Structure formats: C-alpha cells, structure tokens
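Asker: build the 3D model from these lines:
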Amino acid sequence: MSQRSPRTRPTPPRPAADAPCPCGRPETYGGCCARLHSGTAPAATAEQLMRSRYSAFAVGDRDYLLRSWHPRTRPSELDLDARTEWVRLEILSTTEGTPFHNEGTVSFRAVYRENGREGQLVENSRFLRHDGAWVYLDALPD
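Answerer: Here you go, the predicted structure:
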C-alpha cells in the first residue's frame, strides 16, 4: 500500500454537472469549466483558461493543470496541497488574450482557506497560444 504525502490530497470527486462552477461565473460546472477539463472544448480566451485552471485547482485536476501549462515552463509533476481549499476567484484585469490574439495576461486574486485561515494569491499571469490552444506560461514579476 502506497502512502501519500500529507501535502498531497487525493483527487476530490468532481462537482456535479449542475453544481455552481468554482470559477465564479454564473454557470454550472458542466456548462462551464468541466467542458475544458474533459477536453471537449478549448478555452476561447486567456481569461477562460485562467478560470478553468483555477477550477482545476479547486477540484484537484492535476492532469488538466499540466496539459494547460506551456511545455517550456511546465513542471514534470504537480502536487496539490491537501490543506488548501480554493474559495473564490476574482479577475482584476486582462490585456489582450481574446480569440484574435496570441498572447495575453490575466491579473487575478484567488482566495483560499488553509487550516481554517483565509489567505489570497494575487498574480498577473501570462498566457500564450501553443499549437493553437491557450496555455499558461508564467507569472509576471510585480
């Protein structure tokens, strides 16, 4: 029997298709990020990819996170912290990143809870098109 690192959480069950989407859009998970996670729909914009990646962190979808990461900056593996519960995503601003662009940025605030305490991650993420699909490249320095 293998042991898991205490920081690695088992993959939680996916939300029901009719549950609210973790990304915060007023759509169901099935009508929003689940389509991207399953590969049945691509992200049309950098913001949509950002939202789907946040949702992937919230539902523990390591495979999607790695698939949607640019190969130049993608880690070889990804461990998700068992103590982190992703609570809310706020998009602060975007630049470019539309269906007509090849790059874009999304500035966001992700609120999380760890050991009963709330915290936040604020980042300005850079996205590029790779083989025609939006992918996360990296975080821009402050």
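Asker: now do Leu80 against Pro99, distance only.
Answerer: In this view, Leu80 and Pro99 are 30 Å apart by C-beta to C-beta, to the nearest Å. Any C-beta I mention is one placed from the backbone N, CA and C, and that applies to glycine too.
Asker: between those two, tell me which one has more neighbours.
Answerer: Leu80 (21 against 9; other C-beta atoms under 10 Å).
Asker: surely the more buried one is in contact with Tyr64?
Answerer: No: using C-beta atoms under 8 Å, Leu80 is not in contact with Tyr64; the gap is 11.7 Å.
Asker: strands of this protein, start to end?
Answerer: Ranges of strands within the chain are 84-96, 103-114, 117-130, 133-139, based on DSSP state E.
Asker: the second one pairs with which strands, parallel or anti?
Answerer: Each strand that strand 103-114 pairs with, and the sense of that pairing, follows from DSSP bridges: strand 84-96 (antiparallel), strand 117-130 (antiparallel).
Asker: what packs against the longest helix that the chain contains?
Answerer: Longest helix in the chain by number of residues, with DSSP state H as the criterion: helix 46-59. Judged by 3 or more C-beta pairs under 8 Å, 6 or more residues apart in numbering; DSSP states H and E, helix 46-59 is in contact with helix 33-38, helix 62-67, strand 84-96, strand 103-114, strand 117-130, strand 133-139.
Asker: to Arg25, which of those lies closest?
Answerer: helix 33-38 (8.3 Å; C-beta to C-beta).
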